[in-house]
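Participant: have a look at this prediction, sequence included:
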Amino acid sequence: MKCRLLILCAMSFSTSAEQIVVASDIWCPYICTDNSGYVVELTQQAFASVDIGVKFESIPFQRALTLTSQHKLDAVLAVTAKHIATFSLSNNHVAIGQYTNDFYTPASSHWQYSDLESLDNKLIATILGYDYGESLNRYLENSQSHIRTSGETPLKTNLYLATKERIDLLIGNRYVIDYTAKQYGYSEDIRFAGSEDKSTALYVGFSNNDKGRSFATKFAQGIENLKQSGQYQAILDKYQVAF
């Protein structure tokens, strides 16, 4: 871990008695560096509705999971049920989104995803700590042609490897890949090659101590407040998200 965490944005400058520290990597348009992204805004506004300030720290996802499990952070954004179980996090079962496994190749490739066997003999890039679902996780664990990237911008790294044809394909969420590729000028150098067409729910994972469990309860209350006020749907509409 670096000597200090890079704080990219404070999602709420609050004078309230409580403040929660949440972390994740950048996964735009879900979680962005400019105090935006629909998961960021949902989290910010939900806690604001119960008078809790939010500070966001951008760190590698695997590290965010570990620090939250060690009670050194209060929560980590956009985790799956498997993350919650593996890292013994507290959860209120309030889904904040979903994702699918989508496949991208260099633009010159004609490969198309059909099933797990179609991945055989392909050099695949994924991101350390990400959950790709039970079947794909098992396949990747047994694959001899698989690299896992990490750091502050692992998806950018994977996109770069694809544009240089140093990998055969990368796996991620289509919305995130398209957004990031456009941001870094890689859109013309990659191609969408199919989807697994299975969706996985995303949650906020909280530290499994009294403080974390209290935050989990208050977050559930805050989300309900947003739904009743109409802010919840307004945030989803802003980012053209439906789940």
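Facilitator: All right, it came through fine.
Participant: switch to C-alpha atoms for all contacts and neighbour counts from now on
Facilitator: Noted.
Participant: pretty sure Leu169 is touching Phe103, no?
Facilitator: Yes: here Leu169 reaches Phe103: they are 6.7 Å apart, a contact under C-alpha atoms under 8 Å.
Participant: more neighbours, these two?
Facilitator: Using other C-alpha atoms under 10 Å as the criterion, Leu169 and Phe103 rank with Leu169 on top: 27 against 22.
Participant: separation between that one and Leu161?
Facilitator: 9 Å (C-alpha to C-alpha, to the nearest Å).
Participant: and what of Tyr38?
Facilitator: Distance of Tyr38 to Leu161, given as C-alpha to C-alpha: 28 Å.
Participant: more neighbours: those two, which one.
Facilitator: Tyr38 (24 against 18).
Participant: the longest helix in the chain is where?
Facilitator: In the chain, with assignment by DSSP state H, the single longest helix is helix 210-229.
Participant: in that one, what counts as buried?
Facilitator: In terms of neighbour count (16 or more other C-alpha atoms under 10 Å), helix 210-229 has its buried residues at 212-213, 215-216, 218-226.
Participant: what mean pLDDT does the helix or strand just after it get?
Facilitator: Sequence-wise, the next helix or strand downstream of helix 210-229 (DSSP states H and E) is helix 231-238. Helix 231-238 shows a mean pLDDT of 93.
Participant: packing partners of helix 231-238?
Facilitator: Helix 231-238 sits against helix 38-48, helix 210-229, with contacts defined as 3 or more C-alpha pairs under 8 Å, 6 or more residues apart in numbering; DSSP states H and E.
Participant: same question for that helix: list its buried residues.
Facilitator: Gln231, Tyr232, Gln233, Ile235, Leu236.
Participant: what about Val176, distance to Lys156?
Facilitator: Taking C-alpha to C-alpha, one finds Val176 at 11 Å from Lys156.
Participant: equivalent analysis for Ser187, please.
Facilitator: 12 Å.
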